[in-house]
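[1] okay, predicted coordinates and the sequence, questions at the end:
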Amino acid sequence: MRKDGRPNRETTRIVITAATAVVSAACVAQPLPPPSGGPPAASAPATPAPTPAAADPIPAAKPALDPRYVWDLTDLFANAEAWDAARQDVLNRIGRLNRHQGRLGRGAKPLLSMAKEMYGVAKDMTRVFVYASLSRDEDQRVAESQSRFELARAMASEYGKATAWVQPELLAVGQKKIERFIRAEEGLKPYVFFLRNTLRQAPHTLDEQGEQLLASAGLVLSSPSQIYQMLVNADIEWPTLTLSDGTKAHLTQAGYTKYRQVPNRKDREEVFDSFWGAWGQYLDSIGAMMNANVQGQVFRARARKYGRAVEAALANNKIPVKVYDTLLKETNAALPTLHRYFRLRAQMLGVSDLGYFDIYPPLVQLDSGGKFDIERSKEITLSALRPFGQDYIDKLKFAFAQKWMHGQPALGKRSGAYMSGAAYDVHPYILLNHNDDYESLSTFAHEWGHAVHTMLAKENQPFPTAGYSIFTAEMASTINEILLVEHMIENATSKAEKLFYLGQALEAVRGTLFRQAMFGEFERTIHAEVERGAPLNGNRLSEIYLKLLRKYHGHDEGVMNIKEAYGAEWAYIPHFYFNFYVYQYATSISGAAWFAEKFLNGDDSARVAFLDVLKAGGSDYPYEILKKVGLDLAEPAPYRAAFRRMNDIMDRIDALLAEPAAAAE
């Protein structure tokens, strides 16, 4: 999660089910349980939707990449020729899947034959997709890599269409007969979750023709996101400012991230005004894209006979809508805690009229640049994560010694960071743009949390149930950030250093819980607008967003001033194209805070329970996996644990500020 709460550690996944071929966002690329109860989801890093595709600005004299930090894709395929041969093989096998059609009700053996072949194709297709995506992300300027990626997308779409008959046929066979087959055939055990999940979706599954139609529409319905990426990454003319120190600040998305936290307050305000002014010129176009996106999500929900789009989105993983509602209710009730933070921020920055442009500079200026190179990040991460136990640490040590990571910035390289663990027979891969500062260290620990999650899930689950939902995925990474920052606070050698890390901890809760909940409330509102027949356009979207922005930041209470122009910020958040996705960041940090509170109080049973969650992969619905270990995200407790954590951090800051300078050093 970036400091602005705009996740920068994600790639996208392509989710292929019997009913649909849908490009959707995920921080980790994993083969998830079928979103609509159909055949296995083949997940892989796909379109770089959640973050800008362009690489961060790289100095012209940037040295060559250190070969220690360049991943080895030959573990997937020896070369592009081998990849293409595998792709052709997958396409041929996709074409043969229909030979099982009409046979699923004949007995347990025919059902097992279909499941084995379908999942076998999905597993190999995922591997093909991973190679295409990772090789593209090394340098997105390379035409051959872009072409491979498009071929992989087309392959995935063919899989979706070729398996569109499976759900309707399983439903026609019926629950009684399917359960009899499960009892009679031990070989069906790895596919039981898939089969029962399919039966669960019966009220929302169409006939064969309807499923084929939705599958064929998948790429069309994902077009708004693709068009958005092309516009914001290639076509928008970003402004350039001259800052007070003479720096020429080119306000691309990466440039905005850099310059919005400069020390000079007037510079920050001009950065905000110029950057959001640039977005404001494109609100009509981007508003039309967002309207098309929301209309598409509502269409999908209605086609599957759901009352609301949010119900359809959460039903994929059987997440109760109460989870979403409880998150927003508890977050709104805790806005005084957020406003306390903003008042503390104003006090520490020495300003009486806090503005939105004052959010990003650290509470205490501490130059961490150059202090946390990749080798140092490995050392600190290993120390910080020792509460997980020796097996977890041993896995990290082994992985750190391999060539699984593309670690350094480079021209043309995809920005941000992600973990791709979708290729079941291969280790996880991690993309970073490590800049040797604290944020890079935090990102490092975050992504390796995903990697160990993947390793544990694959060790304990077969391919059909190894893939896990983002609902649990982000918990595995966010808890690493909490343990890391607490380790840094504990080992800080000065008052300033301790305040710096406490400030980072506060920003994590603001950006990952409050901000993502605000995004979630925005999503729920704009989908409700379309569902009641109201038109969406750029101006209306900005009006809705500005109202929420001001509520969350205490504009009317005099806590923070939010200019009207900043209502354009919704256009900057690519996750809004991915259908009720961002709320899971907020639930994840809440769950992580719930676990961490127990960890840090010496509760070893919490450590065992947390590792059990990671090992479970996708063997059950994610909400149920968490409930089994005592964490119920439909209830207030985990959210209140996160708010307690935020208040505790502020109490510690207040105590430090009250100390005489000499006593705190």
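    Good, I have the coordinates.

[2] for stretch 301-313, buried residues please.
    Of all the residues in stretch 301-313, those buried under the rule 16 or more other C-beta atoms under 10 Å are 301, 303-304, 306, 308-313. Bear in mind the C-beta positions are built from the backbone N, C-alpha and C, glycine included.

[3] wait, is residue 430 part of a helix?
    No - secondary structure of residue 430 (DSSP: H, G, I helix; E, B strand; the rest coil): strand, not part of a helix.

[4] oh, and call the first residue 59 from now on, that's how I've got it
    Yes, from this point I'll number from 59; that puts the last item at residue 488.

[5] surely it meets residue 476?
    Yes - if you go by C-beta atoms under 8 Å, residue 488 and residue 476 touch, sitting 7.4 Å apart.

[6] mind checking which of the buried residues of stretch 359-371 are in strands?
    Assignment to strands by DSSP state E places none of these there.

[7] if we can go back for a sec, shared neighbours of residue 488 and residue 476, which are they?
    Common neighbours of residue 488 and residue 476 are listed as residue 505 (criterion: C-beta atoms under 8 Å, 6 or more residues apart in numbering).

[8] compare these two (neighbour count), which wins?
    The neighbour comparison of residue 488 against residue 476 (other C-beta atoms under 10 Å) goes to residue 476, with 29 against 24.

[9] from residue 512, how far off is that one?
    Counting by C-beta to C-beta, to the nearest Å, the separation of residue 476 from residue 512 is 12 Å.

[10] then residue 433?
    With distances taken as C-beta to C-beta, residue 433 is found 23 Å from residue 512.

[11] the two: which is more packed in?
    Applying other C-beta under 10 Å to residue 433 and residue 512 shows that residue 512 carries more neighbours, namely 29 against 10.

[12] nearest residue to the more buried one other than its sequence neighbours?
    Distances taken as C-beta to C-beta, 6 or more residues apart in numbering place residue 479 nearest to residue 512, at 3.3 Å, with adjacent residues excluded.

[13] now residue 199
    The shortest distance from residue 199 to any non-neighbouring residue, by C-beta to C-beta, 6+ apart, is to residue 470 (4.2 Å).

[14] these two touch, right, the one you found and residue 197?
    Yes - applying C-beta under 8 Å as the test, residue 470 and residue 197 come out as touching, 3.8 Å apart.

[15] gap between the nearest residue to residue 195 once chain neighbours are set aside and residue 291?
    Leaving aside its sequence neighbours, residue 195 sits nearest to residue 472 (C-beta to C-beta, 6+ apart; 3.9 Å). To residue 291, residue 472 is 10 Å away according to C-beta to C-beta.

[16] then residue 661?
    According to C-beta to C-beta, residue 661 stands 45 Å off from residue 291.

[17] swap in residue 638?
    Residue 638 is 24 Å from residue 291, by C-beta to C-beta.

[18] same question, residue 589
    Taken as C-beta to C-beta, the span from residue 589 to residue 291 is 31 Å.

[19] could you do residue 496 as well?
    Distance, residue 496 to residue 291, by C-beta to C-beta: 27 Å.

[20] the two: which is more packed in?
    Each of residue 496 and residue 291 has its neighbours counted (other C-beta under 10 Å); residue 496 has more, 23 against 18.

[21] surely that one touches residue 430?
    Yes - in terms of C-beta under 8 Å, residue 496 counts as a neighbour of residue 430; the distance is 6.1 Å.

[22] burial count for residue 666?
    Residues near residue 666, counting by other C-beta under 10 Å, number 11.

[23] which pLDDT value belongs to it?
    Predicted confidence (pLDDT) for residue 666: 95.

[24] report the secondary structure state of the residue nearest to residue 195.
    Secondary structure for residue 472, judged by three-state DSSP, is coil.

[25] by mean pLDDT, which helix or strand of this protein comes out lowest?
    Using mean pLDDT, DSSP states H and E, strand 79-84 stands out as the lowest-scoring helix or strand of the chain, at a mean of 28.

[26] how about the helices of the stretch 359-508 of the chain, start to end?
    367-373, 379-391, 393-407, 432-442, 448-458, 496-518 (DSSP state H, counting those that start in this stretch).

[27] residue 351: which of those is closest?
    When the helices of the stretch 359-508 of the chain are compared by C-beta to C-beta, helix 367-373 sits nearest residue 351, at 10.9 Å.

[28] so what does that closest one touch, helix or strand wise?
    In terms of contacts (3 or more C-beta pairs under 8 Å, 6 or more residues apart in numbering; DSSP states H and E), helix 367-373 is packed against helix 341-361, helix 379-391, helix 573-589.

[29] pick the most buried one from those.
    When the helices and strands packed on helix 367-373 are scored by mean count of other C-beta atoms under 10 Å, the highest mean neighbour count falls to helix 573-589 (a mean of 22).

[30] just the CA trace of it, in CSV.
    Extracted in CSV, the C-alpha atoms of helix 573-589 (Å, rounded to 0.1, in the frame of the first residue of the first chain):
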residue,chain,number,x,y,z
ARG,A,573,-8.9,5.4,2.9
GLN,A,574,-9.8,2.0,1.5
ALA,A,575,-13.1,2.0,3.4
MET,A,576,-13.8,5.5,1.9
PHE,A,577,-13.1,4.0,-1.5
GLY,A,578,-15.4,1.1,-0.7
GLU,A,579,-18.2,3.6,0.3
PHE,A,580,-17.6,5.4,-3.0
GLU,A,581,-17.9,2.1,-4.9
ARG,A,582,-21.1,1.2,-3.2
THR,A,583,-22.6,4.6,-3.8
ILE,A,584,-21.8,4.8,-7.5
HIS,A,585,-23.1,1.2,-8.2
ALA,A,586,-26.3,2.1,-6.3
GLU,A,587,-26.7,5.2,-8.5
VAL,A,588,-26.6,3.1,-11.7
GLU,A,589,-28.9,0.4,-10.1
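
[31] so what's residue 612 up against?
    393, 396-397, 400, 618.

[32] 10 Å instead, please
    Neighbour list for residue 612: 393-394, 396-398, 400-401, 412, 618-620 [criterion: C-beta atoms under 10 Å, 6 or more residues apart in numbering].

[33] report the buried members of the residues you listed.
    With burial judged by 16+ other C-beta under 10 Å, the buried subset of the contacts of residue 612 is 393, 396-398, 400-401, 412, 618-620.

[34] tally of neighbours for residue 331?
    Using other C-beta under 10 Å, residue 331 is surrounded by 16 other residues.

[35] look up how far residue 507 lies from it.
    Taking C-beta to C-beta as the criterion, residue 331 is separated from residue 507 by 37 Å.

[36] ok, residue 496 next?
    The spacing between residue 496 and residue 507, counted by C-beta to C-beta, is 17 Å.
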